[in-house]
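Participant: Pasting a predicted model and its sequence here:
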Amino acid sequence: MNQIILNILYTAFLYILISMSFTIEYYISKFFNLFHAFVISFSAYLVYFFSIQLNIIIYLSIFLSIVISSVLGVSSEYLFFRPLRKTDTKPFQLMIASLGLYLIFQNILSLIWGDTSLSIRQDNIEAGYKIFNGYITGNQIITIFISSSLMILTQVFLKYSSMGINLRAVSSNSSLSNIWGINTNRVFICSFFIGSLIASVAGILVAYETDLAPNMGFNLFLYGAIVMIIGGTGNIWGLVEGAFLLAIAQHLGAYFIDSKWLDVIAYITLILFLVFKPLGFNGKQLKKVEV
Amino acid sequence: MEYILHIFVMILFYVMLSQSLTLTAGYSGLISLAHAGFYGIGAYTSAILSINFGLPFLITLPLAMILSGLLAAIVSIIALRTVDDYFIIITLGIQVVAFSIMNNWMELTNGPLGIPGIPVITILGFTFSSKLSFLLLTLFLTSAVFYFLRNITKSPFGRILIALSEDEIFTKSLGKKVYLAKVTSFTIGAMLAAIPGVLYAHYISYIDPTSFTVNESIFILSLVIIGGMRNLWGSAIAAAVLVILPEVLRFIGMPSNIAANMRQIIYGLALVIIMFKYGKGFVSKNSAGQEVK
């Protein structure tokens, strides 16, 4: 039982990290950016490329990977979504365009590194530290630590920095904040930068925990999207509650039924939520439900 | 010759799939990524019924359609509480659940091993074992689907669908039952998607879950989008082009695993280009049926 609690803790913090990275883009741009899923897998593959194929030391390759992935995320907004948004597209059209972009890049990734899964762990798999009769690996502790500190940093940024206040203004009303002299384009760039940065961190952490495959980002992205729909985009606590709910449902399901039904459990949780609590945990931002 | 007939059969399968999705995604605006799921439900229902109970094609086909439609109705009643991009995410969820059931419910579907030895179609004593006869059967069913969809989209019901996809609240204010129309459209789309599923199972005589993945759903959706959303002929042409394309790539000497990736890159590119070109509503026809420049 203790082991399950530790696993839930790890999974929940991983989901918080992913959904946070995605929500901060959704918060501003108001569409499901599927290209975000590519940023997650791309960062993991870059670490593989730098550290295994080019033999660069691990910290430098992680740093390079995060920088390049963030630049990729920002340039997708600058070169792709901004021109598209100018033509007054609806959110679902942007989503389909991002799906097309995701398909192109994911297949290029498959062409370069192949469809099979790769490993970036060089040392043997460790049993981990023993806490409360359960085992937790060093990597999982790092994930929990990074996730919670990034969560606090993002909250501080949104609450107190001037850019964070601009972000919140653009989120609540984009055109009005433009009238008040906020540079909306810069706010979009900023949100995509933060989102891609957190996403690349999440991708690298997952790559060290499990292995990497070209479509790994897509599954993670879907869990992040579920957490966001459950929690609502309004504040961070919704995400935390959503992530814990999803992690608890999945781990208890895996324990009592079978671990092969993880995806099914995730989506059933989502559907039950939409039936009984269609506004999400914090109940305001999810205005798309029930016209 | 056999090879060319095979390609024609595959084209007709995708024509049926894309046209049935044209009703759901194009006319009523419910972009669905669950279509391969219903395609798979059709295939699995027919395969299991005909192997375990020895039922003939003329019984398994309607049963598969009814089961697929029933599941679609139940699922869409829940999913249609959401709209636009939330709805797309929910249909993606339905697809993942359907795939997971096909892949994991070992007792029923035999999991990743698939179901081998599905018998060939026999109707009233005539066996459709040769490729040519099967092609003619598929062509007949494709034309039936096309005829049905063309009539239903021109009917008052079709006009309600077009109206609600353009302005839902206004359509509601005219006294039309919007929710019911959406559920009906989603259900009909899923029922029609079961037809190529049944045919596919009997044609290949072996099915496994990898034929019904999320990528397949994305492919069918991009056929509809490339075809011009509300254009039955357009989606048929898109299906023909995109099925032939990887074969052409293989002919010019590209290894088949690279050709598979190239195919995805090409339709991803097509999606991107179409979204850029038709930024203001990529629907090629407006409600009055005129071309939009």
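Facilitator: Cool, the structure landed. Residues are numbered from 1 along each chain as shown, chains lettered A, B, ... in the order given.
Participant: what ranges do the helices span in chain A?
Facilitator: Across chain A, reading from the start of the chain, the helices by DSSP state H fall at A:2-29, A:35-47, A:58-76, A:82-86, A:91-113, A:138-160, A:162-172, A:174-179, A:184-209, A:216-231, A:236-256, A:262-276.
Participant: Quick check: mean pLDDT of the third one?
Facilitator: Here helix A:58-76 scores 92 as its mean pLDDT.
Participant: got the angle for it vs helix A:184-209?
Facilitator: Counting by axes from the mean of the first three to the mean of the last three C-alpha atoms, to 10 degrees, helix A:58-76 points 140 degrees away from the direction of helix A:184-209.
Participant: wait, does helix A:58-76 contact chain B?
Facilitator: No. Applying C-beta under 8 Å from any C-beta of the partner chain, one finds that helix A:58-76 is not in contact with chain B, the shortest distance being 11.4 Å. Where C-beta positions appear, they are placed from N, C-alpha and C, glycine not excepted.
Participant: Buried deepest among the helices of chain A, which one?
Facilitator: Per residue and on average, the most neighbours among the helices of chain A fall to helix A:35-47, with a mean of 28 (mean count of other C-beta atoms under 10 Å in any protein chain shown).
Participant: And that helix, how far out from the chain middle?
Facilitator: Remark: helix A:35-47 is offset 11 Å from the chain centroid, using C-alpha atoms, centre = their mean, to the nearest Å.
Participant: Can you measure across stretch A:23-36, start residue to end residue?
Facilitator: Stretch A:23-36 has an end-to-end distance of 11 Å (C-alpha to C-alpha, to the nearest Å).
Participant: That one near chain B anywhere?
Facilitator: Yes. For a cut-off given as C-beta under 8 Å from any C-beta, stretch A:23-36 has contacts with chain B, namely A:31-32.
Participant: hmm, back to that, and the helices of chain A: which comes nearest B:N257?
Facilitator: For B:N257, the closest of these is helix A:91-113, at 8.9 Å, according to C-beta to C-beta.
Participant: Which other helices and strands does that closest one contact?
Facilitator: The elements that helix A:91-113 packs onto, with contact taken as 3 or more C-beta pairs under 8 Å, 6 or more residues apart in numbering or on different chains; DSSP states H and E, are helix A:35-47, helix A:82-86, helix A:216-231, helix B:84-104, helix B:214-226, helix B:256-277.
Participant: possible to save these as a markdown table with mean pLDDT?
Facilitator: Compiled in a markdown table, these are given as follows (pLDDT from 0 to 100):
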| stretch | mean pLDDT |
| --- | --- |
| helix A:35-47 | 92 |
| helix A:82-86 | 85 |
| helix A:216-231 | 87 |
| helix B:84-104 | 87 |
| helix B:214-226 | 89 |
| helix B:256-277 | 83 |
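Participant: could you redo those as JSON lines and give each row distance to A:N139?
Facilitator: As requested, the helices and strands packed on helix A:91-113 are arranged in JSON lines below (distance: least, C-beta to C-beta, whole Å):
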{"stretch": "helix A:35-47", "distance to A:N139": "13"}
{"stretch": "helix A:82-86", "distance to A:N139": "37"}
{"stretch": "helix A:216-231", "distance to A:N139": "16"}
{"stretch": "helix B:84-104", "distance to A:N139": "27"}
{"stretch": "helix B:214-226", "distance to A:N139": "28"}
{"stretch": "helix B:256-277", "distance to A:N139": "31"}
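Participant: Can you convert the helices of chain A into CSV and add a column each for distance to B:S211?
Facilitator: Written out in CSV, the entries for the helices of chain A read as follows (distance: least, C-beta to C-beta, whole Å):
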stretch, distance to B:S211
helix A:2-29, 30
helix A:35-47, 23
helix A:58-76, 32
helix A:82-86, 33
helix A:91-113, 19
helix A:138-160, 36
helix A:162-172, 42
helix A:174-179, 43
helix A:184-209, 28
helix A:216-231, 19
helix A:236-256, 27
helix A:262-276, 18
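Participant: right, and the ones you listed - which one's nearest B:M262?
Facilitator: Closest among the helices of chain A, once you apply C-beta to C-beta, is helix A:91-113, at 7.6 Å.
Participant: quick check: angle from that closest one to helix A:35-47?
Facilitator: Going by the same axes, to 10 degrees, helix A:91-113 makes 20 degrees with helix A:35-47.
Participant: Measure how helix A:91-113 sits relative to helix B:84-104, angle-wise.
Facilitator: Computed by the same axes, to 10 degrees, the angle between helix A:91-113 and helix B:84-104 is 40 degrees.
Participant: Quick one: mean pLDDT for helix A:91-113?
Facilitator: For helix A:91-113, the mean pLDDT works out to 89.
Participant: what's the pLDDT at residue 5?
Facilitator: No chain specified, so I'll use chain A. 86.
Participant: Not quite, go with chain B.
Facilitator: 91.
Participant: Give me the neighbour count for it.
Facilitator: 14 (other C-beta atoms under 10 Å in any protein chain shown).
Participant: how about the residues of the stretch 51-200 of chain A near chain B?
Facilitator: A:83-84, A:87-97, A:99-104, A:106-108, A:110-111, A:115.
Participant: try 6 Å
Facilitator: Taking C-beta under 6 Å from any C-beta of the partner chain as the measure of proximity, the stretch 51-200 of chain A contacts chain B at A:87, A:89, A:91-93, A:95, A:97, A:100-101, A:103-104, A:107, A:110-111.
Participant: Export those residues to a markdown table and append columns for distance to A:L167.
Facilitator: Compiled in a markdown table, those are given as follows (distance: C-beta to C-beta, whole Å):
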| residue | distance to A:L167 |
| --- | --- |
| A:T87 | 24 |
| A:T89 | 22 |
| A:P91 | 19 |
| A:F92 | 24 |
| A:Q93 | 24 |
| A:M95 | 21 |
| A:A97 | 23 |
| A:G100 | 27 |
| A:L101 | 24 |
| A:L103 | 30 |
| A:I104 | 29 |
| A:N107 | 33 |
| A:S110 | 35 |
| A:L111 | 37 |
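Participant: wait, what's in contact with B:L5?
Facilitator: Remark: with contacts taken as C-beta atoms under 6 Å, 6 or more residues apart in numbering or on different chains, B:L5 is in contact with B:131, B:135.
Participant: List the buried residues of the helix or strand containing it.
Facilitator: With secondary structure defined by DSSP states H and E, B:L5 is part of helix B:2-21. Neighbour-count burial for helix B:2-21, with 16 or more other C-beta atoms under 10 Å in any protein chain shown as criterion, is recorded at B:8-21.
Participant: From these, pick the one nearest A:L220.
Facilitator: B:L21 (27.2 Å).
Participant: Quick check: that closest one vs A:S174, distance?
Facilitator: Here B:L21 is placed at a distance of 33 Å from A:S174 (C-beta to C-beta, to the nearest Å).
Participant: Quick one: name the residues of chain B near chain A.
Facilitator: Taking C-beta under 6 Å from any C-beta as the test, the list of chain B residues beside chain A reads B:31, B:78, B:81-86, B:89, B:93, B:96-97, B:100, B:104, B:168, B:261, B:264-265, B:268-269, B:271-272, B:275, B:279-280.
Participant: Narrow the residues you listed to those that are buried.
Facilitator: With neighbours counted using 16+ other C-beta under 10 Å, the residues of chain B next to chain A contain these buried positions: B:31, B:81-86, B:89, B:93, B:96-97, B:100, B:104, B:168, B:261, B:264-265, B:268, B:271-272, B:275, B:279.
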